[in-house]
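> 3D, please:
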Amino acid sequence: MSVTIQDAIKKHFASFYKKPISNTDNLFAKGALDSMGIVGLITYIEEKLQITVEPEDITEENFATIESIAALIQSKQK
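Purely as a prediction, here's the structure:
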């Protein structure tokens, strides 16, 4: 069974956020992500998924949901 990008992101959040998160939940509104959390998430993405996140990629739109984060990662893999 292969792990999807969305599953990998959920695994990251499960390590510190104990409430369920769906792929479309707004991570900021749920309190699962804040400015410091973005730094940790970017580190995770760059180390685990071998993706470079550029400063211009760091927007609320790109990090609002697991789906939007996965879309950003997929766009970087091309």
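
> Mind listing what's buried along the helix or strand containing Ile73?
Assigned by DSSP states H and E, Ile73 belongs to helix 66-77. Neighbour-count burial for helix 66-77, counted by 16 or more other Cβ atoms under 10 Å, picks out Ile66, Ser68, Ile69, Ala70, Leu72, Ile73. The way it works is simple: take the backbone N, C-alpha and C, and place the C-beta from them, glycine included.

> would you turn those into TSV with pLDDT and distance to Ile38?
TSV is the format used below for the buried residues of helix 66-77 (pLDDT from 0 to 100; distance: Cβ to Cβ, whole Å):
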residue	pLDDT	distance to Ile38
Ile66	96	14
Ser68	97	12
Ile69	96	10
Ala70	95	15
Leu72	95	12
Ile73	94	14
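
> any idea how far the closest residue in space to Tyr17 that isn't next to it in sequence lies from Pro55?
Once flanking residues are discounted, Tyr17 sits nearest to Ala32: 4.6 Å by Cβ to Cβ, 6 or more residues apart in numbering. Look at Ala32 and Pro55: by Cβ to Cβ, to the nearest Å, they are 22 Å apart.

> More neighbours: which of those two?
Neighbours per residue (other Cβ atoms under 10 Å) separate Ala32 from Pro55, with Ala32 holding more: 17 against 5.
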